[in-house]
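> When you get a sec, could you give me coordinates for this:
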Amino acid sequence: MGLERRDAVTAPWASRVFAWAAFVVAGLVSSYLAIGTTYAGDASGTDSSGGRWSSSLPGSTLAEVNGSWVYALLLVPVVITAMPLVLPASVRRPAAFVSATLLFLLAVVSLLSIGGGYLPAAGLLLITGLLTEPARPIS
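Okay, here's the model as predicted:
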């Protein structure tokens, strides 16, 4: 029974499912960051008489604050997660590990801003690499 269960978990389709899940997660995070409000619009201060005031303003998107070039940056994690899906089967396992490492490094570097959203995709890529069968040498 244990062997049958292990075979079901390490079936070739299992690594593809995790690779697609990582791609979808990265795409959803990038989509939200592209169109969602990421900068708060609240303002507060002290007036000349010493009284405190606060105001709620509409928030801003990344592109409104930083320019449209951020769309290209938001595509980088999506392209990284696509590597194990588009590369040939002979390099799929190392591609999954390289992709997981790159995405993890990207997430750590940008952890204080947007990077935390990409950590689940990096974890899914790591699982993809672990479940992908090593390429067999051609004999």
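> C-alpha from now on. contacts and neighbour counts both.
Noted.
> Low-confidence ranges, the protein, go.
Low-confidence segments of the chain, defined by pLDDT under 70: 1-11, 40-47, 53-58, 137-139.
> What ranges does it have for its helices?
2-9, 12-35, 62-66, 70-86, 92-109, 119-131 (DSSP state H).
> Touching, Ile80 and Ala96? I think so.
No - if you go by CA atoms under 8 Å, Ile80 and Ala96 don't touch, sitting 9.2 Å apart.
> can you pull the buried residues of stretch 91-102?
92-102 (16 or more other CA atoms under 10 Å).
> Let me have these in CSV, extended by distance to Val25.
Formatted as CSV, the buried residues of stretch 91-102 follow (distance: CA to CA, whole Å):
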residue, distance to Val25
Arg92, 19
Arg93, 20
Pro94, 21
Ala95, 18
Ala96, 15
Phe97, 17
Val98, 18
Ser99, 14
Ala100, 13
Thr101, 16
Leu102, 16
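> mind checking how far the residue sitting furthest away from the middle of the chain is from Val70?
In the chain, Ser49 marks the outermost C-alpha relative to the chain mean, sitting 48.0 Å out by CA atoms, centre = their mean. Here Ser49 is placed at a distance of 41 Å from Val70 (CA to CA, to the nearest Å).
> coming back round to it: most neighbours per residue, which of the helices of the chain?
helix 119-131 (a mean of 23; mean count of other CA atoms under 10 Å).
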